[in-house]
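Q: Quick one: sequence plus predicted model below, questions after.
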Amino acid sequence: MQSSSGRPTPRPPFPSRNSKSANLPAVPWTRKHFLTVEDLSVAEIEQVLATAGAFRRILDRRVKKVPALRGKTIVNLFLEPSTRTRLSFEMAAKLLSAEVVSFDADKSSTTKGETLKDTALNIQALHADMIVLRHSASGSPRYLSERLGIPVVNAGDGAHEHPTQAMLDVFTMRQHLGTVKGKKVVILGDILFSRVARSDIHALTKLGANVTIVGPSTLVPHWFEPLGATVSHNLREALADADVVMLLRIQHERQASGLFPSLGEYTSMFGLNQARAAWIKPDAIIMHPGPINRGVEIDSALADSDRSVILQQVTNGIAVRMAVLYLCAGGQPEHVAPVE
């Protein structure tokens with residue numbers, strides 16, 4: 001069986017059921033690649049989140065594996081360090097019954113000067129069905145998508161976008177808030193070099209949230225305002241009425257020069273500690289895409305507190321990535337029946 005795009009249609013993840021979810025948008029998924037949140041319509045974001053919702057319920061079952069991508073081979077082409085995202089994509093693919101090959105950059109021909117294009121073309125020639133790419137160069141997933149015949153999924157490209165992180169962030173916010181429309185989300189930290197911040201701003205503003213970005217003026221420039229975010233350099237004012245506080249780490253690996261005097265001074269001015277947490281509404285949640293620098297952007301006790309949903313983000317990431325892999329392989333949201 002083939003989809004309208006000509007690609008073989010994956011098995012429905014729930015073959016014993018034939019019902020459709022009333023919560024899913026009645027439009028087909030047509031994207032072959034998953035490159036940016038900026039590209040997505042509101043309806044497409046809802047399709048990803050609804051499909052992820054069904055897969056998230058599977059993660060609570062005793063048997064978590066479904067046959068949706070049986071016979072497919074997915075290559076994780078990670079050319080930057082990663083723990084959560086790499087493991088999450090690997091677990092997601094395996095739970096969909098796909099074969100997974102994780103690329104070891106340090107032992108590959110990239111160390112001999114092979115280009116990204118040639119590496120990817122060779123992976124395609126080896127009959128891989130999909131590539132999940134993380135790369136330090138912004139735009140590299142789109143570059144590959146224009147040169148390969150197989151789907152490309154962006155697992156983070158430079159300081160550009162991290163679209164699956166944004167989807168799992170919104171998914172987690174909805175679990176706690178019901179909706180993000182009209183809610184205030186504060187993103188605190190290194191916005192300038194953060195691909196997570198860019199993808200979150202695109203997703204949240206499209207869904208009607210009020211996004212405020214806050215931090216040192218050198219890391220939170222006003223040229224983010226055209227994306228729909230409010231820029232602030234006053235931490236107390238920004239936190240006062242927030243429903244969500246998202247912490248970001250300082251990304252030294254992307255900074256060509258120091259944009260603030262020291263980590264200690266950053267922490268003293270913008271780190272979220274117990275005293276500053278008192279400025280936040282009692283029911284506000286605390287999030288972080290990881291890795292956490294405990295004692296720098298957030299106190300260790302707050303990271304482990306009841307207000308923190310950081311580990312829930314990690315779990316939800318598997319469901320979101322199952323949804324993205326399933327849809328990019330040609331699956332349709334309406335084939336994802338609700339699980340009782």
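A: Now that the structure is in, tell me what you want to look at.
Q: which stretches of this protein form helices?
A: Per DSSP state H, the chain carries helices over the ranges 42-58, 84-95, 116-125, 140-145, 163-177, 195-206, 235-239, 263-270, 274-277, 300-303, 310-328.
Q: Dump those to CSV, plus mean pLDDT.
A: What follows is those, written out as CSV (pLDDT from 0 to 100):
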stretch, mean pLDDT
helix 42-58, 95
helix 84-95, 97
helix 116-125, 97
helix 140-145, 98
helix 163-177, 98
helix 195-206, 98
helix 235-239, 97
helix 263-270, 88
helix 274-277, 95
helix 300-303, 96
helix 310-328, 98
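Q: can you give me the strands for the stretch 1-150 of the chain?
A: Secondary structure of the stretch 1-150 of the chain by DSSP state E, counting those that start in this stretch: the strands cover 73-78, 99-102, 130-135.
Q: for the first one, packing partners?
A: When contacts are defined as 3 or more C-beta pairs under 8 Å, 6 or more residues apart in numbering; DSSP states H and E, strand 73-78 sits against helix 84-95, strand 99-102, helix 116-125, strand 130-135. Where you see a C-beta, it was placed from the backbone N, CA and C, and this is true even at glycine.
Q: could you check the angle helix 116-125 makes with it?
A: Note on geometry: by axes from the mean of the first three to the mean of the last three C-alpha atoms, to 10 degrees, strand 73-78 and helix 116-125 are set 160 degrees apart in direction.
Q: again, but for the last one
A: Using the same axes, to 10 degrees, the inter-axis angle of strand 130-135 relative to helix 116-125 is 160 degrees.
Q: Return the list of strands paired to strand 130-135, each annotated with direction.
A: The strands that strand 130-135 pairs with in its sheet are strand 73-78 (parallel), strand 152-157 (parallel) (by DSSP bridges).
Q: Now tell me what touches the last one from outside.
A: This means strand 152-157. With C-beta atoms under 8 Å, 6 or more residues apart in numbering as the test, strand 152-157 has contacts from 33-36, 76, 78, 80, 82, 85-86, 89, 130-141, 144-145, 161-165, 195, 324-325, 328.
Q: same check, this time on stretch 297-305
A: Stretch 297-305 is contacted by residues 188-189, 247-250, 266-267, 270-274, 277, 286, 288, 292, 294, 308, 310 when judged by C-beta under 8 Å, 6+ apart.
Q: Quick one: end-to-end distance for it.
A: Taking C-alpha to C-alpha, to the nearest Å, stretch 297-305 runs 15 Å from one end to the other.
Q: So which bits of that stretch are buried?
A: 297-299, 302-303 (16 or more other C-beta atoms under 10 Å).
Q: now swap in stretch 137-147 and tell me
A: So stretch 137-147, judged by 16+ other C-beta under 10 Å, has buried residues 140-145.
Q: what's the distance between it and the middle of its chain?
A: From the chain centre to the centre of stretch 137-147 is a distance of 17 Å (C-alpha atoms, centre = their mean, to the nearest Å).
Q: For that stretch, measure first residue to last.
A: 16 Å.
Q: same check, this time on stretch 305-314
A: Using C-alpha to C-alpha, the end-to-end distance of stretch 305-314 comes to 16 Å.
Q: How about stretch 157-169?
A: End-to-end distance (C-alpha to C-alpha), stretch 157-169: 18 Å.
Q: quick one on the thing from earlier: can you put the buried residues of stretch 297-305 in JSON lines and add distance to Ile213?
A: As requested, the buried residues of stretch 297-305 are exported to JSON lines (distance: C-beta to C-beta, whole Å):
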{"residue": "Glu297", "distance to Ile213": "14"}
{"residue": "Ile298", "distance to Ile213": "17"}
{"residue": "Asp299", "distance to Ile213": "21"}
{"residue": "Leu302", "distance to Ile213": "20"}
{"residue": "Ala303", "distance to Ile213": "21"}
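Q: so what's Ser102 bridging to?
A: Judged by DSSP bridges, the bridge partners of Ser102 are Asn76.
Q: how deep is it tucked in, by neighbour count?
A: Using other C-beta atoms under 10 Å, Ser102 has 14 other residues around it.
Q: Tell me the spacing between it and Ile131.
A: With distances taken as C-beta to C-beta, to the nearest Å, Ser102 is found 12 Å from Ile131.
Q: how close does Pro282 sit to His176?
A: According to C-beta to C-beta, Pro282 and His176 sit 13 Å apart.
Q: And these two? Which one has more around it.
A: Neighbours per residue, other C-beta under 10 Å: of Pro282 and His176, the larger number sits with His176, 14 against 6.
Q: if I look at that one, how far off is Ser108?
A: According to C-beta to C-beta, His176 and Ser108 sit 41 Å apart.
Q: Tell me which of the strands of the stretch 1-150 of the chain lies nearest to Leu219.
A: If you check each of the strands of the stretch 1-150 of the chain against Leu219 by C-beta to C-beta, strand 130-135 wins as the nearest, at 22.5 Å.
Q: and that closest one, average pLDDT?
A: The average pLDDT for strand 130-135 rounds to 98.
Q: quick one, it and helix 310-328 angle?
A: Taking the same axes, to 10 degrees, one finds that strand 130-135 is oriented at 130 degrees with respect to helix 310-328.
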